[in-house]
Every structure is written in structure tokens, then in C-alpha cells.
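Colleague: no sequence for this one, just the structure:
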């Protein structure tokens, strides 16, 4: 079987999320980076010179030598990943969609828009059909992935919603520094400290899951009927959001049933063979000290969701711990998996194929 | 008015909690350290040589030169503070009480014993009368203060119980390293990491508050009828436990009423003039980024409880943040305030007075 | 004896160094803060609202309620402390001096100027007479204190220069985050990391000491004939610069002689009774694990210099550790002590006295 | 060409260094782990249950299920790696060598023994011939690798010694927590702190390099004639020792020549095709902020040595930064590379070959 081959552009390629896109895509079997787009200030420089690379692996050589271009909708690629900051993502992504580019975005700007899929392939793969409601011409559309802390929570809720029905969720997060980008949190604010506030985060965690876990009905999403209360904290951890979750179900459910639901979860897209999909979505730890950000984050390429300490909750029904890699599953890796799904579903294709593609012709 | 003057011994004087006792007592207006007791291994050495002093202030000179003695019930003092580890506290404290010493303990061993007061002076000062149920001879008794994370929670609940009635409490803690003593948590476990488990901590937070907020009825405590669910985490912070709390009340209550309840709280012992009582029990912050361990912990000598981010909870009724100094209010400082209260109440006195003291004679 | 009373302004009052000035001056026996000056953006707001207070003690109440004014040379005060960033300090300090204000600056801009004293009261108090070479009118002048890491090194070198003569110095620093102000170092750069570079720092450490240890000759400084090589690193520590120093002397000298030189050091201004001068300039630790930033920094109000691990150097002669509080002795506290010295020396006085002051009249 | 295949045992397999051996060897092309040896307490348990795995990757599945055995010289393997603590390594390694096992050790006990090679393959591969001086029977011998901070320094000195001659070395280290094993440094000692002392470390850095850089003369090592002064510090970094080095040469040498010497270094064993040898021993960074532990440690599998900030030294001749992965190149990885070299040199072979091996027969 021939592998798909698509040329991709990265919007915001020098930023923190953009760097993670570069890292993940440099060895991707389907996608080839053909355009590194950033601000006018960086345009014209070699990527290796323009970027303040914050990762712990080296910049891939062949990327370091590519020239950065301005983020204008004339990029040489089949579609774009957007790692743009929310302050500019709205305008730029809109222009790319208008110009006919599929935009696979990590930014929050269009997440809650009625016609824009907010997508986690294992959770709501059918929501991608919202693309067909978008009125862009020439193949342009926008697909988004959720907030980094939402992703962990929603993944964990999916099997519970399916098996038992979920009524109420309490979640307290301990979020990593990389979640606020670079330069992000000043070291004087967070070394040996916790900041019990992250602007906008609790609102996102209370609302995005309802769309993600909603049902597609006649081309529209009916949001899930779940009540979520979030308390979000920034802790001195580099990568990895840890979440203390407590759930009330629609029926009587104990911790052992919850454990089985996690272990028994079958990804609806398991048969698609997407390169970035982890073998199992959940890694369930029985050691009560686990999972921990520093120890368990990189397991399964950062794309699995770690679960631990499943036990009864005295106030709601069951409580447990969720750990998610915020810059991989929670950002760039999640967007890459979204693009892979869209390729499989026929929404994304090499541009030369656009004219003849049935699905794309519809758009 | 003449100040009380009592000679105190410190059990476990070289340990982490013992050091905090030394720090707080070295300038105390009522209490003079006359015995520094530790293990046989340290006995006979000068305190300054025997201790691995972990504080950021210098060892008080006059203490550094005192000789450490073995923790045997023949100390030259009117009563003892116990900063012993739970592994030895049970035996040693029992022996001291048997030998006629009042023991003001920070250890967990006797906290839930029916006849032992679990005491926070501003919260349940009347519980000290349980002392009278203790059957030790010659003035011996045991009084305890709660677990370091319990203290912050219970202080915060007191005005809410009084004003509205509390039914359910969800609390997720982010606890400092000093809470596990020295050497405590290995640095490889916690630098840039969170450990989502602290042995025994969630159980203590679920049970101790019920005794603390219970009512004294005919010489016995009727535990409060509140359901508490705790999730406890260790974070890379030196001092200061931060707690994300969510509360369901017996009636409809909003965040503004809760804020007023904190600000309107009047300590039942405010008139006693206890040296360690903070001017106000609560420090309420309106800046949504506050309170933070590194910034707000030392305000009011570490004895006040900081409250912030009071807001509606989507699942229960109101949620907010609590910050408590775990080694001051949550340990040594809490015990010192307990002793001050007992002096005022007549349960503690210079030993020469024992024979003639009405209350003490009863015991 | 009547205490001096001078009204002081703080330039850059909302910045990191400015906040330390506020903290130190709010309880100062001689100086009263009468003007808090900052950028136009902050002017007109209450200090408590304008400042992002990063300290671990509360903003003094009486300061929090003062109005911030713009940093224009019409402040209501006898002299100003400058905690301005180097980018603006040059212009603003110049204007204040021109307008007749004595400026006690922590900025680097004028430090190496021939006519500007670079001053550490215990080290080179006579250098203040350079003031008399400054050509400002109406009492204006500029006095500076050295770079925060220079201060620790120079203090340590003073008794060694006096006793033995110093030829070569190798120093490697591990510098705290607060040294780069706020927001300063991004947490992603420094959590669990060391940055082996601080712009301009090594140059300052190689040159400033030569002026500080230079001799005043006919109104000019002859720089000391010492060769210094510095390697400067940023480490994840909040406060406190630790320096590994190795020294070659003009004669054969061993560690015991060096230890005696530190212990025997007598401050030339000990008799002045300056409020901020520590009882002893040096705290010498014999425990080989000491001094450490977190444990020993605050001893003696942060104004003493801690020394430890004095031992033979295989390559030069003797090596040892220096610890200095970079925002107290190394910045705001050093400037305050400079101002105290200048009061004592007659260079600084309440403005009403200016006309009649002999020394000031000269200027 | 057929790959070598040897069965290896790991002494101290559950310790910090032992875990790194497991991690590196689980995918090694030549070596198969056939014995996991630890204390009697762990013996009989499955490795996955016995170990407190501190790494950030998962325990290899096939290793987790192996049974741990006692560290007695009856292991089923061709040779052993020793990750034992120095407190027990002396006895145990001796017994294994006596019993005929080649012991490739990371412990310090036999490093400075006249007949024991202290080996870094790229630096002194010929020193392995000291094995022939060892009087063990039946193929037993001991080979050691140096202290983790020594390794970085010695690698950096090798090309400089060869090209220019080195007379004096000053080095100040900032060493990672993993260097002291597990539980190692208590978090209360090192979070937001620097400990300016590591027992025995400065002595090792002053002496081990002289043997490593010494010349083999008639079967004996003549130590190099270099004077080294080390100052060693523990910093809150997980992995990676950073060293600030300053060197005086036998001739006039500037930074550019030093840079060329690093870039021009050719490994004497480059042609051997050893699996763990990095493509280039040195990674030279021109960005003055580099190398940094968190960013550059894992480049080249942790086996390269990173160099940066090469510049003139005002006191000696040239100064620069060295970064070495202390648990890979500086411990387990260095030992594995040693074993690979010994296989290539004929000192190590599958045990069935022992009798017929010329070199081994000599021993």
C-alpha cells in the first residue's frame, strides 16, 4: 500500500507549539514540512537561526537549514498546521481558510464555533463532518483540537460517558509551564511556588468537553449534558498536566467498573492505522504513587493518557488521576493526529488531487 | 499584669518539627526552653552540633549551646511539646503523660482518641475539656493538633459551618516538601514533578475535621455531619500547603456570602491575648492570582490562613483557595497556640503550682 | 542624640530593585519615603495597585496607599535612590543630578565614570570624595554601588588585599534569578537547568573590583593591579549569589591565614553607627557544606557576606566560597548603606540644610 | 559480519546506575541481559516489582518480568557490569573477579589501583592492557570507568594535551542530582538551593585525570604532569554535569586554536565500529548561552561531550564550558562502551570461547 504524501506548512513555526510541530513532523511518514511560516521579523532567516529552540532534542538538520517565510496565504503546501498564539490566530487562520488552505489549528479562536470541528480522533471522529458546513471556497476549512488540559479530561470521560453516563465532574489541575508557551511564566513567579490561576483555563475546561462529548445530530452538535467545575493551577513542572478528577455518574458505579472501562476502551479509529495513534489510549497505573509527570509522560510517544489512583469518592462517585502530555497529545501531537484522521476520512489530500476528490469537491 | 512563665521541653528537638518549635519558642514571651530532648544518639551533644538545622534563620545562640538530653520522662520542665515522628510518638508521649507531664503533641498517634482533644484554639477551644476525661495521674495529659493540611481546611470551614451549614467538601491539596520532614522526599522524586499521593493524608483530611468541627456533648464529641473527599499531592514547594476547596452548603449560598463569612469571622478567644494568635485568622485576597505559597505564607507570622478566588462552583456551591503554613500554623505554631490556650484555661501551669491548682487537681 | 531625618524618593519604585528599596526603607530609622516614582504608565495609581509585588513579605500598608508619581526631577525629597533599569537609568539619573538631586544609584550606567564613586562603605569609604569632582550644581551628584556579584567578591578580597596582596582571582558564580529582575528569566529556561551565560556580567566582575579596590590619589582612583577571570552562571535559586573563588597572593599564604584575615577584618566605618551595617561583614562557616543560599542568606539582615570552605588551591593559592544576598547587600541594601555613609560624611543632608552645609556648599 | 553476542549480568541492577544499565542494554546489539543481581532483599522478586524505577522511559517489558537474583558469583553470564555502591562494590567485585568473571565497574573502589584500567575508550584505549597485569584466574579481571564529573573534564583535556600540552586546570562543577543516586539528595536540601560540597568529588577530579591522561610505559602508567583544582557543587538539575574549566597550556594558545582542537579531534577507536561510540566525541556550541543541561544533554544519545563558550582566560590561558551526561557517558554508558572496546580488543568474549582465546588464556 502506498503511503499518503502531503506537503505541510507550519504557521507560527518558531513558537513553542510550532517547535513541537517541527519535532513531530520531521520524521512523519505521511507529512513533509515544506513551509515554515512565522512573523515578518523572522521571515528570510534560516529556521535554525530564527528559532529560540527550547526542546531537549536537536533541531532536525534538514529543518534547521530551511528558510522561514512570512505567514501569508501563498505557502507551498497542501495544508497548514497552526501553532499561532490566540492573539493573531483568528485573522491569519481565517485568511488561510479563505485562500483555500485546510487549517489544522491548535489555537482556541475557532474551537467553539458551530461549524468548526473540535476534534480528538479517538473521542469524536465523526465531528469532522462539520467541515462540510464551512462555507470556504477552494478546499479551505478549519479544524481545531481542544485546550491542553481539556484533552486529558475528555479522553478520560469518554469511556465513562459511554458505559455509565456522567452527570458531574470536579477537576483540579496541576499544569506544566510549557502550557503557557515561551517566554511564558517568569521563573520568579513559579520556582518553588504554585500559581492558583490560569486565565481562561477553567472556562475552557467547563465548556469544551460538552462540545467534544456532544452528539452530532443533523449536522449540528448537541452538547453533552454534563456539569464540570475546574480549578486550574500552574506548578513548577516542565511538561505534563496532572488532573485530579472526581465524577458522579448517572448510575451507581464503583472504582473497579471504572478501571475496567478504561482498560476495555476500544478506539473507534483503531483500524485506520494512523501513525500517531498510540497502541492504547489509556495507560492505567496500579501503583498508587503513579502516574507522575516526570516519570510517565513520554510513555507511548506522549500520545497516551495516563490514569491512576482510581478509587471511590466520598462526595461524588469515583475519583482518579489523569496525566496528559500537554505539548504532544495536548497540542501539536493532537493536531497531527487530527490531520491523519482527516486524510483517512478524505477531507485532506495532496492539492493536485483536490479537483478530483469527491469529498473535497463537496466543500 | 505578670506574664505566665513556664519551662518547656521539646521532644524530638532535632527533627524538622522540633526545629520549628525551637525557632518559635526561642523568643516566646511565656515559654522558656529548658529541655531539648532527642534520640539517645544525639543525647549529650550540644544542640548546635547535634542538629542538621534546615531553617533559613540562624539557630538562636542560647539554644545552640544547650545540651541535648534523651527523651526520657525526667525532663526539667513544666510540660513538653512533642515533635516526634509517629513511629515513636505513641510510646514516648504515653510515658511522659504517665509520668505527669502535659504533652502538647503534633504527632498523629492520639489525635482521634476519644479522650484526647484535637485542638485549634480559634475553632474548638472548648474541646480542651476532654483533658478532664484523661485518667493520667499527677497532671499528665495529652493534647494534639491536627494534620497540617487538615488545619487549613478546618479553619476555612468553621465560619461556613456556623453561618450556613456545610454538607459536602471536595478538596485537592498541593502540599509542600517540609510536610514530610527531613530527609523526607528525595529530590529525584519531586524536582520538576508532582507526586499524586501522600500516604494516609487523604484519610486524615476526611476524618479529623469531623472531630474538630464536632460538638461537645456531655463530655463527648459528636462528630460533625459533613462528607469530605480529599485528593492530596506533593509539589516542589518548600513550605505552604495550597488547597483547592469546593463546598456544598445546607442552603443556597453564593460566593459573596462566603467572602463575608470569612471577613466577619470573630475568634472566640480573641480576648485572651494569646501571643501566637494572629490579629485576624483569615487573610482574604481579591487578586485572582493569590494566595501563593512563596508570596503570602509568612504574612502574619505564618499563623493566619490565606483565602482567595472565592467563586461559584458549577457542581457544588462555592469554591475557593486555602493556603496554610504547614510547619507554623500546621504544626509547631499550632501546638504553641494550643499551649497558650491551655495556660489561659488553667490546664497548664508552672509545676510548682500543680498541687494547688484547682483544675489540675481534678485530673 | 537626634537621628538624621531625610525624605527619600525611589526611582523605579515598582521594579524588582525598587520593591526591595521600599521593603528596606519602610522601617528605616533615618529615611522616610516621600516619593515613589515610576513610569508614566504607573503614575497616578496607588502603589499597591501599580506594583506587581514579588516579595514574600506584605507591602507595608502606609506605602501601599501612596500615589505613584512620574520619574521627573520635581520630586518632594532630599535625595533619590535609583532602582532603574540600565536602559533608562542613564538619562533619568542625569536629569535628577542636573536638577540638584543626590542620586544613590544601583544602575550600572555611571559606575565606571571617573568622577562617580563606586562605593561599598566597608571597603572604600573614602572614594565618596569623588563627589567633589562632579560638576553638577545645586547639590546634585551621583553615587553608585557595584554589580550584585561584584559586591560579594570585592568584600571578600578586601581583607586579603590588605593582608597579603592579591595578584590573580578566578571566580565562578552561581547566580540567583532575582538578579535579572522581573519578569527576568523565563521559567522554561531555568527550571531544572543552568544557563552558563549572563550578558555583561563577566566583564563587570573583571573590571569593577579594580576601581573598588583602587587607591584614591590626588582625587583620582588608581585601579588595583589584580587580574580577575570570571565565569558566570544562572541557577534555579531565588535569591543569593554563590561564588567559587580562587586567589593567588603576592606572597605565600595558606588557608588558615586567609580564615584569620576574614575573622580579623575590622570595618573602617564600624564607629559610624550606620543602621544598615551588619555587626560583622563576614560570617565564616566551618561546616564544609556551608554557606548555602537557602539556609544562610538572611542571616544578619542579608547585609553580611558568608564565607566557607577555605582551603588550599592546587593551581593558585587558596580557594573558598562566597555567598552574598544579591538584592539586599548586592543591590538595594548596599545603596541604602551608601546613603547612610554619605549622611555621616556630610554629603547628604535634609534639603533645608543645603545652603548652610559646608561640604554641600563646595559642590 | 556476525555481531558479537555476550550474555551480561548487572550487579546492583535495582539501583540508579543499575537501572541505567538496564535501559541502555535492553536494546544493545551485542549484549543480552541474562542476570539481574541485587541485594538478598530483592532476590527472588520480579525486576519490575523489586525496582523503584526512576527513569522517564518505561521498564523494558522483557526485563520487568525477569527474576532478580542475589549478587553471588554464580551468575549465568559472560561478564558483569557493576553499578554497585562503593560501600559494597569492593567486596562483591573482588569475589566476581576471583570467580573468573570480567567485571566492568562504575564504582570508585578499584579505579586508582595500579593494575586496574581506568578507561575511556576514546581517551586511553591502550590502558586496557593493564588487565594483563591482574593476577585473577580463569578470565576474571576488573576494569573501571572514572567518576562522572572526571569523564567530562578528561575528554575535554585530551585534544588539548595532545595539541598544546596542559599545565594547570581550574574547574568548577555544577552537578546534577542523579549523580548521587537514589534516594540521594533530600529535596529540602536542594530545591531552590546550591550545595557547595560533594564529598570526595574534588579529590577524584584532581587525581583520576592524571591516571587517565598518563602514558603506559612498560606495563605501568606514568601519570600526566598536570595540576588540577576542582570546586564541586550540587545544583537542582536532574541530569547533566556542567563544568566551568580554565586551562593553562605549555605554550601560548588562544581560544580559536582550542576550538579547532575540539573540532579536529579524531577518536583513536573510530574505526572499531563500537555501537555506543558517538559519531563525534565533541559537540561544540557557538551560541554563548549553550550548552545547557536541559537542552543539550540527550544529543547524540548522551555519549557526546558538549563544549561551549571557548574564550580567553584573564588568569590562565583559555576557559570554556563542558557538559556531560553524568548517568550515560559518566556512568552506565561509559561502562558499556568500555565493554565494547574490550570485546573488540579480545579481552571480553563469550565464555565458551574463553579456553581457546589467545588473549584471555594469557590472563
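Modeller: Perfect, thanks for sending it. Please read these numbers as outputs of a predicted model, since none were measured by experiment. Numbering: from 1, shown residues only, chains lettered A, B, ... in the order given.

Colleague: got the end-to-end distance for stretch A:293-312?
Modeller: Distance between the two ends of stretch A:293-312: 23 Å, counting by CA to CA, to the nearest Å.

Colleague: That stretch - what's its average pLDDT?
Modeller: Averaged across stretch A:293-312, the pLDDT comes to 94.

Colleague: near chain C, anything from that stretch?
Modeller: No: shown here: stretch A:293-312 not in contact with chain C (CB under 8 Å from any CB of the partner chain), separated by at least 9.2 Å. In short, each C-beta sits where N, CA and C put it, glycine included.

Colleague: got the buried residues for stretch A:303-318?
Modeller: Residues of stretch A:303-318 classed as buried by neighbour count (16 or more other CB atoms under 10 Å in any protein chain shown): A:303-311, A:313-318.

Colleague: ok, now stretch A:208-222?
Modeller: Buried, per 16+ other CB under 10 Å, within stretch A:208-222: A:208-214, A:221.

Colleague: At which residues are the helices of the stretch 1-150 of chain A located?
Modeller: All helices of the stretch 1-150 of chain A, identified by DSSP state H, counting those that start in this stretch, fall at A:16-25, A:47-50, A:61-64, A:86-98, A:148-164.

Colleague: how much does the last one deviate in direction from helix A:16-25?
Modeller: Read it as helix A:148-164. 60 degrees (axes from the mean of the first three to the mean of the last three CA atoms, to 10 degrees).

Colleague: Remind me what helix A:148-164 packs against, helices and strands.
Modeller: strand A:166-175, helix A:201-212, strand A:227-234, strand A:241-249, helix A:255-263, strand A:282-285, strand A:305-312, strand A:318-324 (3 or more CB pairs under 8 Å, 6 or more residues apart in numbering or on different chains; DSSP states H and E).

Colleague: Out of the ones you listed, flag the one nearest residue A:133.
Modeller: Nearest to residue A:133, of all the helices and strands packed on helix A:148-164, is helix A:201-212, at 14.2 Å by CB to CB.

Colleague: so what pLDDT did residue A:172 get?
Modeller: 98.

Colleague: who are the neighbours in contact with the closest residue to it other than its chain neighbours?
Modeller: Distances taken as CB to CB, 6 or more residues apart in numbering or on different chains place residue B:172 nearest to residue A:172, at 3.7 Å, with adjacent residues excluded. For residue B:172, the contact set (CB atoms under 8 Å, 6 or more residues apart in numbering or on different chains) comprises A:172, A:231, A:244, B:230-233, B:243-244.

Colleague: Kindly give a single PyMOL line that selects the buried subset of those.
Modeller: This is how PyMOL selects the buried members of the contacts of residue B:172, with burial counted by 16+ other CB under 10 Å:
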select buried, (chain A and resi 172+231+244) or (chain B and resi 230+231+232+233+243+244)
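
Colleague: ok, the contacts of residue B:172 vs chain D, which is closest?
Modeller: Nearest to chain D, judged by CB to the nearest CB, of the contacts of residue B:172 is residue B:233 at 14.4 Å.

Colleague: Can you tell me which residues in the stretch 51-200 of chain A are near chain C?
Modeller: Checking the stretch 51-200 of chain A against chain C by CB under 8 Å from any CB, the hits are A:54, A:177-178, A:182-192.

Colleague: which ones among those are found in helices?
Modeller: A:187-190 (DSSP state H).

Colleague: Of the buried residues of stretch A:208-222, just say which sits nearest to residue B:348.
Modeller: Taking the buried residues of stretch A:208-222 together and measuring to residue B:348 by CB to CB, the closest member is residue A:209, at 54.8 Å.

Colleague: what's the nearest residue to residue A:122 once chain neighbours are set aside in contact with, if anything?
Modeller: Among residues not flanking residue A:122 along the chain, residue A:267 sits closest, at 4.4 Å (CB to CB, 6+ apart). Residue A:267 sits next to A:121-122, A:277, A:281 when contact means CB under 8 Å, 6+ apart.

Colleague: Residue in chain A with the shortest distance to chain D?
Modeller: residue A:192 (4.6 Å).

Colleague: if I read this right, residue A:332 contacts residue A:82, doesn't it?
Modeller: No: with contact defined as CB atoms under 8 Å, residue A:332 does not count as touching residue A:82 (10.5 Å).

Colleague: tell me, what's touching the two both at once?
Modeller: Common neighbours of residue A:332 and residue A:82 (CB under 8 Å, 6+ apart) are residue A:106.

Colleague: neighbour-wise, which of these two wins?
Modeller: residue A:82 (30 against 27; other CB atoms under 10 Å in any protein chain shown).

Colleague: Look at that one and report its pLDDT.
Modeller: 98.

Colleague: Same question for residue A:351.
Modeller: 79.

Colleague: Repeat that for residue A:137.
Modeller: 86.

Colleague: Return the residues in contact with the closest residue to it other than its chain neighbours.
Modeller: Once flanking residues are discounted, residue A:137 sits nearest to residue A:100: 6.5 Å by CB to CB, 6+ apart. Contact analysis of residue A:100 by CB under 8 Å, 6+ apart lists A:136-140.
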